[in-house]
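[1] Give me a 3D structure for the following:
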Amino acid sequence: MDEKVTMFIERIGVRSENMGFPPLAGRIFGCLLLAEPPYMTFEELCERLGASKSTISNNLQFLMRGDCMIDYFTLPGDRKRYFKINTNNWIKKVQDIPEDIKGSNELIEEIMAFRRENNLDESFTRNLEIIHSFHEFIIEKMPDLIREWKIKNKIS
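    Numbers count the residues shown, from 1 in each chain. Predicted coordinates for the structure are as follows:
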């Protein structure tokens, strides 16, 4: 791959790292986003990223856990695994944002109550109320946004 692709993968990797991914997991994600065809073998990932098999394996496992941002498939008569971005789970993850925010908001409510009960800095508590209010706004608006987006993109 050329230098332009290498730099693009690095940018994706850094952005992914800023979102909590391990550094190499972000670069694997970047490789798969730019792959043509849109999948790569384990060996191709090792070669492309210049990382050890164990490091690639650990980061692939990370990406296949939980939200399952990537998955793999096999081809008949071929023992290799082909890794690809799981776009369905990516969309589902975005659609689950309101539920994730609800969990955060419940914790914020407990924190605000604790701060009030213990007479902690009221201006900071007020800032938490603003964050809580913004979260509530997102939770309220997200179903309409998802419906509108599905209509716009003809997704059932």
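[2] State the number of residues packed around the closest residue in space to Y82 that isn't next to it in sequence.
    Closest residue in space to Y82, ignoring its immediate chain neighbours: Y39 at 4.4 Å, by CB to CB, 6 or more residues apart in numbering. All C-beta spots, glycine's among them, are computed from the backbone N, C-alpha and C. Other residues within reach of Y39, judged by other CB atoms under 10 Å, total 17.
[3] Could you tell me the phi and psi values at A51?
    Phi and psi for A51, reported as degrees, to the nearest 10, are phi -110, psi 160.
[4] how distant is stretch 88-98 from the center of its chain?
    Its chain's average C-alpha position is 9 Å from that of stretch 88-98, according to CA atoms, centre = their mean, to the nearest Å.
[5] hang on, the earlier thing: dump the residue contacts of the residue nearest to Y82.
    32, 73, 82-84 (CB atoms under 8 Å, 6 or more residues apart in numbering).
[6] among the residues you listed, who's most crowded?
    Going by other CB under 10 Å, F83 tops the contacts of Y39 with 24 neighbours.
[7] could you show me where the helices are in the protein, in order?
    3-18, 23-34, 42-49, 53-64, 87-95, 97-117, 122-152 (DSSP state H).
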